[in-house]
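[1] What follows is a predicted structure for the sequence shown.
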Amino acid sequence: MTNARGKGWVCRGGPHFLLPLVAMLVSGCFHVGPSAKQAMTSAAPGAEAAVQAKAKHSEADAPFDLENPAVQSRVTAFQTHLRGFFDGALTRGAKYLPSMRDILVREGLPAELAYLPLIESGYRPQAVSPAGAAGPWQFIPETGRRYGLRIDSLVDERRDPIKSTQAASQYLKDLHEMFGNWELSLAAYNTGEYRVARILANKDVEDYWDMRERGYLPSETSAYVPKFLAAVQIAKRPEDYGFETPTHKAERYEMVDVERTVSLRAAADLCGLSASELAELNPALRSGITPSGYSLRVPVGKAEPLRIGLANYVEPVHARREVARGARGGRSIAKGGRSTTVVAQGKRGADRIAGAAPRWQRGKRDVAPTARKGSAAPVREAKLDIARRAATRPQAAEKPRVEKRRAATAPASKPVKKAASKRRG
């Protein structure tokens with residue numbers, strides 16, 4: 001692999017040599033911002049040597065140090081004020097742990113990493129962080145897509161316990177190849193591989209614990225690794241710490257390839273399930289709809305009924321309603337051969353909606369004017385009624401009325417002559 005400057009890089013050839021981080025960042029293997037890439041490129045000559053020199057643990061070493069004092073303080077926290085959270089997470093994780101552990105071990109990773117979602121999400125597939133990380137492994141969208149997870153308006157595979165575990169195992173393997181021990185790898189999983197690599201390149205630190213004690217890590221990352229190690233220590237022997245041992249029973253399901261878009265409610269009806277039960281098995285579906293070509297999980301024994309039901313299933317056709325132009329408040333008229341009563345605000349609104357209806361429908365009495373509470377519609381209707389009645393009267397009848405009105409409004413004439421005669425007398 002060659003960087004932007006044309007210098008060759010030697011890849012990791014054994015357990016004691018690390019894949020150079022800088023070349024991977026510059027080549028785009030890992031997602032970092034432009035400023036991060038620029039800073040790492042400028043520090044490239046020292047970064048590679050620092051990462052290699054400070055990777056002390058080999059594959060044969062014990063994967064985790066559970067005896068650190070910081071770990072014991074977190075054990076106490078889980079037994080006291082965080083007891084409710086930890087107990088609930090252990091119970092929820094009982095059905096996910098067997099599958100997660102199998103995937104991690106199959107990839108050559110420690111089985112203890114299956115407890116990482118306990119502190120990430122409490123084993124909640126629908127968990128979402130303020131930063132937008134989602135699912136049991138709390139992937140941000142960029143990292144999820146980088147490791148092959150589908151994320152769109154219909155499907156978010158970060159929430160799928162199986163697919164997200166497969167992606168997490170690949171990410172954790174890459175981090176371990178970069179840093180050589182699990183404490184640094186887990187710190188990078190939480191805060192980003194670039195931050196950890198930069199600290200190793202620029203600071204005189206030996207390992208994660210040295211990095212933590214000297215305050216080079218964010219507070220969340222400083223607590224992250226001890227929390228995970230405490231969770232591993234308790235989860236291996238819950239009864240020793242006052243917790244009930246959950247029964248780890250993996251979910252059993254079958255897969256059905258759905259070649260058409262269908263709602264989960266309809267699919268559940270076809271195979272005799274409740275919609276909530278089917279949704280729990282398929283947490284990656286965001287809108288309760290299967291996209292075309294999606295592999296749906298169903299309980300064991302329900303796959304064949306669903307396949308038969310889908311072969312004969314016809315999606316119901318719903319009446320399409322369109323908003324009529326000129327109508328207020330979202331009033332609509334039905335199109336497609338059906339006549340629908342439309343409610344209009346006042347006479348003018350009704351006339352506008354009737355004018356927007358199809359030509360064959362305009363003569364029908366299907367527009368009903370109504371008045372909103374507190375509106376001026378009754379007053380307008382009364383004025384219109386008076387105007388209509390006045391327009392139908394003969395003109396001859398209108399003239400006396402006008403003259404009488406003028407006579408009533410004309411000023412009274414003064415008796416000038418009578419007053420003058422009185423002055424002369």
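    Yes, it's here. Residues are numbered from 1 along each chain as shown.
[2] pLDDT score for V314?
    What the model reports for V314 is a pLDDT of 81.
[3] now R158
    98.
[4] Please apply the same query to the one 4 residues further on.
    If you check I162, the pLDDT there is 96.
[5] hey, which helix or strand in this protein has the poorest pLDDT?
    helix 34-42 (a mean of 32; mean pLDDT, DSSP states H and E).
[6] Could you tell me the phi and psi values at L296?
    phi -90, psi 140 (degrees, to the nearest 10).
[7] got a list of what it touches?
    255-258, 267, 278, 282, 290, 306 (CB atoms under 8 Å, 6 or more residues apart in numbering). C-beta here means a position set from N, CA and C on the backbone, and glycine is covered the same way.
[8] Write the ChimeraX selection for whichever of those residues are buried.
    The ChimeraX command for the buried members of the contacts of L296 (criterion: 16 or more other CB atoms under 10 Å) is given here:
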select :256,258,267,278,282,290,306
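[9] Which of the contacts of L296 fall within strands?
    Among the contacts of L296, DSSP state E puts 255-258, 290 in strands.
[10] The stretch 51-200 of the chain: helices as residue ranges?
    69-79, 83-93, 97-106, 116-120, 141-146, 161-179, 182-191, 193-202 (DSSP state H, counting those that start in this stretch).
[11] Give me the contact list for the second one.
    Identification of contacts with helix 83-93 by CB under 8 Å, 6+ apart yields 78, 115, 117-118, 122-124, 231, 234-235, 238, 243-244, 246.
[12] wait, which of the residues you listed is closest to R145?
    Closest to R145 out of those is P117 (19.6 Å), distances taken as CB to CB.
[13] Quick check: the gap between that closest one and P136.
    Counting by CB to CB, to the nearest Å, the separation of P117 from P136 is 4 Å.
[14] Next, show the common contact partners of the two.
    Jointly contacting P117 and P136 under the rule CB under 8 Å, 6+ apart are 96, 123.
[15] how about low-confidence regions in the stretch 201-350 of the chain?
    317-350 (pLDDT under 70).
[16] Show me where it has its helices.
    208-213, 219-236, 264-271, 275-281, 303-311, 346-356.
[17] tilt between the third one and helix 303-311?
    Same thing as helix 264-271. 120 degrees (axes from the mean of the first three to the mean of the last three CA atoms, to 10 degrees).
[18] What would helix 264-271 look like as PDB? C-alpha coordinates only.
    Extracted in PDB, the C-alpha atoms of helix 264-271 (Å, rounded to 0.1, in the frame of the first residue of the first chain):
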ATOM      1  CA  LEU A 264     -45.400  -6.400   9.000                       C
ATOM      2  CA  ARG A 265     -49.000  -6.400  10.100                       C
ATOM      3  CA  ALA A 266     -50.100  -8.300   6.900                       C
ATOM      4  CA  ALA A 267     -47.100 -10.700   7.200                       C
ATOM      5  CA  ALA A 268     -47.900 -11.400  10.800                       C
ATOM      6  CA  ASP A 269     -51.600 -12.100  10.000                       C
ATOM      7  CA  LEU A 270     -50.500 -14.500   7.200                       C
ATOM      8  CA  CYS A 271     -48.400 -16.600   9.600                       C
END
